[in-house]
Each structure stands twice: as structure tokens, then as C-alpha cells.
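In: Sequence first, then the predicted structure, then my questions.
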Amino acid sequence: MKHLLSIEDLTVKQIGEILALAKNLKAARGKRSHPQPLKGQTWALIFAKYSTRTRVSFEVGIRELGGRAMFLSNNDIQLGRGEPIVDTARVLGRMVHGCVIRTFHQKDVVDFAATSGIPTINALTDDEHPCQILADIFTIEEKLGRIQKKVVCFIGDGACNVPASWMLAAGKLGFELRIAAPRKYQPSANLLKRAGGKVIVTDDRAKAADGADVIYSDTWISMGKEEEEAQRLAELDGYQINDQLLAHAKPKALVMHCLPAYRGKEITNDVFERHAETIFDQAENRLHVQKAILALLAKAWRR
Ligand code: CP
Ligand code: NVA
């Protein structure tokens, strides 16, 4: 594994290695024996979009692994004024040891990885959010055991980055993914084909939640879609995690949310608060899983 750009690029074995190392690093946190594979390294974080969890978990994770993190907002570097991503990559590749990028186009992280000559991590694009879904799988396995054969139901905007990464994981790991979304917000046929596996797309919420082990949502208005807010609130109305939906799932189903959450929109306040422990464990696990990704990339690039 030289980069972490998409779940599609990972083998089942590599996913297993990330999850196993994340478990060890979680247990080793704060101990003297905690490994320092990034010692002497500086990693850049280039963010063109807002972030709380991803930024903090990467900054803290890099430091806990012995490295230094350098946060570069898109607005502060020449990239924001139109310098090409490939030139940014060629410069950073000569100065830092790795880069974590949150941006709009998936092609930009792919081009950065191809040009920079340093390990590159996708910290969210319009198309995918691989670190999130790896941490979510880790959380599910902590709480329910192996994800194989489990049923994960995603409800809401089924055409955004988070369900896309879920789809790419489902085929590889052998769980069933059901996406409940209005027609307009369903994933493309092309992505469905790429994902393979057992992915069911429907506008029937009850059917999607029936007997599910996990009920999952994300905001209806992803970053970059703010202008569509009024339309999205109207069109996605009802594609919400609420008690009515949960009545269809397994009685002990996990309720998960990648956050930030908008109560009263994609999830009710009641359901969110009842399941807050799971949701914030899920947020914390971003740190452990991303530390595993960083450590594995550092190892793969060690000469
Ligand atoms: N879930 C997630 O990626 O959160 P942030 O946008 O706060 O990083
Ligand atoms: N789909 C959301 C995820 C936020 C973590 C977005 O792209 O804004």
C-alpha cells in the first residue's frame, strides 16, 4: 500500500492489516511502548474544505506516531489561487514525507499521489471518504464482531461520498449494503457496477432497514452543495433515522453517523442522543484507524 486514495484500491488483506494495527494502536495509546514510525517526518495536511474530526485526528495521530503535522488551508497556499495540483505535489514531494488531502475532485488526490513521490491520503473528496468508512468498519467490528454477512443500511443522500465508499467496501468484505434514498439521490449505475457485491438501492425505507444490523446516515447537504440546501431539504425529507425507521431494524441495531449531524434533518435528536456513545466512539476511532494507515504507509515507503 503506497497511498490511501480509495477503498477500491485496497485488497481484503490490506484492510485486515489496517484494522488489526488500529486495534493495537488503540490499546497502546499513551503507553511508553507506543510505536514512533513517523519519527523525524513532517506530513502536510492540505484542506480545501471544512473539517473537525479529520483534521484533528490526523494532526494528533501524526504527532502520536512521532511526526510533525503541518496544516495548510487551501486559502493560504498558492493552490487556492490556481497553482496546479501537480506543481504543488512536485514542491511538497521535495520537502515533506507525506500528505493528507481533503478537496473536491478525486482526480486531484490521484494526480497528487502520482506526481509527488510521497505517500498520499484521501481525507475526503466529492466522490469518496475512505478513512471514514475504514473507521466505521472498525467500530462495527468492535461492537458486533466481524462485518461479514452483516446488513448495513444507509439512509439519506445515497449519491454522496460516504455511501460511495460504503459501496466499495461491501463487495470486498462480504456484507450487505442497502441504500435508501429518493431516485434523484441514488448512486450511479456506473458506481454500482464498479462496487459489485451485494448492494441494494431502493426508495423504500422500511425495506432497506428490515432486519438491519446497522442504520447509518450522513448530512443531506454535503460540502459544496450548500446552494442546493432548500431543494435538498424538501427532496430528502423523510429519509431520516427516527424511531419509525428503527422499528424495522434489529432490536439492538447500531445507529451510526459520520458527523457533523443535523438533528431534525437526517436524524432525530432523540435517536441521536440515545445512540451518542456509538456515534462518538465512531468519531474517536478515526484517530486509531488513521494512525494505522499512516504507520503502514510509512513502513511501505521506508527504503
Ligand atoms: N466525518 C468527518 O469527516 O468529519 P469532519 O468533516 O469534521 O472532518
Ligand atoms: N458527505 C459529507 C461528509 C462530511 C464528513 C460531506 O461531504 O460534506
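Out: Thanks, I have it. Computed from a predicted structure; not experimentally measured. Ligands and ions are numbered 1, 2, ... in the order given.
In: does ligand 1 sit close to stretch 100-108?
Out: No - Stretch 100-108 does not reach ligand 1 (CB under 6 Å from any ligand atom); its nearest approach is 7.4 Å. C-betas here are computed from N, CA, C, even on glycine.
In: May I see the buried residues of that stretch?
Out: Going by neighbour count (16 or more other CB atoms under 10 Å), the buried part of stretch 100-108 is 100-103, 106, 108.
In: Other residues contacting it?
Out: Stretch 100-108 is touched from outside by 5-6, 43-49, 51, 54-55, 58, 74, 85, 109, 112, 120-128, 224, with contacts defined as CB atoms under 8 Å, 6 or more residues apart in numbering.
In: got a pLDDT number for S33?
Out: In this prediction, S33 carries a pLDDT score of 87.
In: mind listing the helices for this structure?
Out: 12-28, 53-64, 85-92, 106-116, 130-144, 161-173, 189-195, 205-209, 229-235, 243-246, 269-274, 276-301 (DSSP state H).
In: contacts for the second one?
Out: Which is helix 53-64. By CB under 8 Å, 6+ apart, helix 53-64 touches 29, 34, 38, 43, 45, 47, 68-69, 71, 100, 102, 121, 123-124, 131-132, 259, 283, 286-287, 290-291, 294.
In: residues in contact with the residue positioned nearest the centre of the chain?
Out: Geometric centre of the chain, nearest residue: Q132, 2.0 Å, by CA atoms, centre = their mean. Counting by CB under 8 Å, 6+ apart, Q132 touches 54, 124, 162, 165, 258, 286.
In: Write out the residues of this structure neighbouring ligand 2.
Out: So the chain meets ligand 2 at 160-162, 218-219, 222-223, 258 (CB under 6 Å from any ligand atom).
In: tell me, which of the residues you listed make contact with ligand 1?
Out: Among the residues of the chain next to ligand 2, ligand 1 is touched by C258 when using CB under 6 Å from any ligand atom.
In: would TSV of the residues of the chain next to ligand 2 with neighbour count and pLDDT be doable?
Out: Below are the residues of the chain next to ligand 2 laid out as TSV (neighbours: other CB atoms under 10 Å; pLDDT from 0 to 100):
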residue	neighbour count	pLDDT
C160	25	98
N161	23	98
V162	24	98
D218	27	98
T219	22	98
S222	19	98
M223	16	98
C258	23	98
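In: one step back: show me the contacts of stretch 100-108 that map onto strands.
Out: Mapping these onto strands (DSSP state E) picks out 43-47, 120-122.
In: what's the closest of those residues to ligand 1?
Out: Closest approach to ligand 1 among those (CB to the nearest ligand atom): F47, at 8.8 Å.
In: wait, isn't that closest one in contact with A123?
Out: Yes - F47 is within contact range of A123, at 7.2 Å (criterion: CB atoms under 8 Å).
In: so who does the residue lying closest to P260 once chain neighbours are set aside touch?
Out: Leaving aside its chain neighbours, P260 sits nearest to T219 (6.6 Å; criterion: CB to CB, 6 or more residues apart in numbering). T219 makes contacts with 156-157, 260-262, 265-266, as judged by CB under 8 Å, 6+ apart.
In: With L19 instead?
Out: By CB under 8 Å, 6+ apart, the neighbours of L19 are 134, 137-138, 141, 289, 292.
In: Just the buried ones from the residues you listed?
Out: 134, 137-138, 141, 289, 292.
In: Same list, those residues, but as JSON lines with distance to V199 and pLDDT please.
Out: Formatted as JSON lines, the buried ones among the contacts of L19 follow (distance: CB to CB, whole Å; pLDDT from 0 to 100):
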{"residue": "L134", "distance to V199": "18", "pLDDT": "99"}
{"residue": "I137", "distance to V199": "15", "pLDDT": "99"}
{"residue": "F138", "distance to V199": "21", "pLDDT": "99"}
{"residue": "E141", "distance to V199": "20", "pLDDT": "98"}
{"residue": "V289", "distance to V199": "22", "pLDDT": "99"}
{"residue": "A292", "distance to V199": "26", "pLDDT": "98"}
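In: And those, which is closest to D204?
Out: I137 (25.4 Å; CB to CB).
In: distance of that closest one from ligand 1?
Out: 14 Å (CB to the nearest ligand atom, to the nearest Å).
In: wait, isn't that residue in contact with Q148?
Out: No - the criterion here is CB under 8 Å, and I137 misses it with Q148 at 10.7 Å.
In: shared neighbours, those two?
Out: L173.
In: And F47 and A123? Which one has more around it.
Out: Using other CB atoms under 10 Å as the criterion, F47 and A123 rank with A123 on top: 26 against 21.
In: Let me know the pLDDT of the more buried one.
Out: pLDDT, A123: 99.
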